[in-house]
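**Q** sharing a sequence plus its predicted fold:
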Amino acid sequence: MQKATVMRSSSLKAQDLIVALKLTIVPSLAFTYAEVSAELGLPASGVHASVQMLIHARLATGSSRDSVQVNRSALQELLIYGVPYFFPATIGGPSRGMPTGSALLQLGSPLITRDEGYVWPSAHGTTRGTSLQPLHPCALIASENDSTLYRILTCIDVLRVEGARERALAIKLLRQDLA
């Protein structure tokens with residue numbers, strides 16, 4: 001009897017990008033699907049499916065958990081040039097939440113931003129701002145567990161909604177974090 005293989009749509013999803021980002025942060029060969037699942041707030045099966053999609057899309061290489069390596073240069077290109085078009089921002093009204101975009105990047109950077117920055121809406125948030133839906137709902141949990149991932153996701157939001165000067169800084173920071 002032949003085993004049926006079910007392959008999901010060949011399109012990358014936002015969760016795939018977040019899994020790729022997480023895998024660039026954790027030391028090589030030092031993760032399990034369960035650990036990544038817990039840190040991202042995704043089911044382990046979803047993490048596994050994302051890894052398979054990353055391999056299919058040539059954003060990662062390898063055939064098993066122990067040999068998966070993210071193609072950092074391809075991921076950088078996708079984030080910088082593709083995400084703003086494939087994952088456009090959804091901006092809402094005033095909200096309380098977790099700071100993102102240039103609202104967060106202005107800490108320790110030369111950015112001058114408007115008075116009210118962007119926030120990912122959250123009942124637990126302490127900052128007021130203009131609501132911006134995160135790249136994926138798991139971004140809130142993932143960012144609470146990993147400050148580097150939070151900074152990267154914030155840079156991605158800058159690419160999705162901010163002006164040229166802020167985008168230039170975000171690209172510089174992304175390249176540093178994903179080098």
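**A** Structure received.
**Q** check which helices and strands the host helix or strand of residue 34 is in contact with.
**A** Assigned by DSSP states H and E, residue 34 belongs to helix 33-40. Helix 33-40 is packed against helix 14-25, helix 44-56, helix 139-145, with contacts defined by 3 or more CB pairs under 8 Å, 6 or more residues apart in numbering; DSSP states H and E. (Glycine included, C-beta is placed from N, CA and C.)
**Q** which of these sits closest to residue 97?
**A** helix 139-145 (8.4 Å; CB to CB).
**Q** now do that closest one: which elements does it pack against?
**A** helix 14-25, helix 33-40, helix 147-161.
**Q** now these in JSON lines, with distance to residue 123?
**A** Listed next are those as JSON lines, based on distance: least, CB to CB, whole Å:
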{"stretch": "helix 14-25", "distance to residue 123": "21"}
{"stretch": "helix 33-40", "distance to residue 123": "20"}
{"stretch": "helix 147-161", "distance to residue 123": "18"}
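**Q** I'd like the next helix or strand past the helix or strand bottoming out on mean pLDDT in the chain.
**A** With mean pLDDT, DSSP states H and E as the measure, the helix or strand of the chain carrying the lowest mean pLDDT is helix 102-105 (a mean of 68). On the C-terminal side of helix 102-105, the nearest following helix or strand under DSSP H and E is strand 118-121.
**Q** quick one: distance of that next one to the chain centre.
**A** 15 Å (CA atoms, centre = their mean, to the nearest Å).
**Q** helices and strands around that strand, which ones?
**A** Short answer (3+ CB pairs under 8 Å, 6+ apart): strand 118-121 packs on strand 91-100, helix 102-105, strand 127-132.
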